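Participant: Pasting the sequence and the predicted model now:
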Amino acid sequence: MNKQAGFTLIELVAVLVILALLGAMAVPRFVDMQTEALTAAKNGTKNAVKSAHALYIAENKSLPSVTNLAAYVTADGGTSAVNTGVQVPIDGSNYVVETFTDTTCTTATGAPGDTVRCVGDITP
């Protein structure tokens, strides 16, 4: 008796279809995860700058300049002071956490030496 072992073409096609369906469901989830991770990193960075602002005021009993605030955010030198706020790198791109010269967050800083009274949102 000549009995051959193996899979039929229909069985192989069925397995490929199932794998394709699983792949089609998984890819959008990974894309959403990247977006969520970037949003979380931006929110965390914005909050770190706000915390650095509060720490500077508590430790020095004065308001920081944009340059002082940038130095307080991290010790690794990744942040820098720009005219409108503190520039921070996130995943290879630079974002700016806006800083303001008034407590209502309406008048943006215009130079790294300006006094920061309010920290705003993060922008690309």
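Facilitator: Looks like it arrived, so ask away.
Participant: For the rest of this, base every contact and every neighbour count on C-alpha atoms.
Facilitator: OK.
Participant: And the helices in this protein?
Facilitator: Taking DSSP state H as the criterion, the chain contains helices spanning 9-60, 66-73.
Participant: Pull the number of nearby residues for residue 83.
Facilitator: 18 (other CA atoms under 10 Å).
Participant: same check, this time on residue 12
Facilitator: Quick note: residue 12 (other CA under 10 Å) scores 10 neighbours.
Participant: can you check residue 17 too?
Facilitator: Residue 17 - counted by other CA under 10 Å - has 12 other residues nearby.
Participant: now the one 10 residues further on
Facilitator: By the measure other CA under 10 Å, the count of residues near residue 27 is 11.
Participant: longest strand anywhere in this structure?
Facilitator: strand 93-100 (DSSP state E).
Participant: Quick one: work out the angle between that one and helix 66-73.
Facilitator: 120 degrees (axes from the mean of the first three to the mean of the last three CA atoms, to 10 degrees).
Participant: what sits up against strand 93-100?
Facilitator: Residues from elsewhere that reach strand 93-100 (CA atoms under 8 Å, 6 or more residues apart in numbering): 46, 49, 66, 84-89, 105-109, 115-124.
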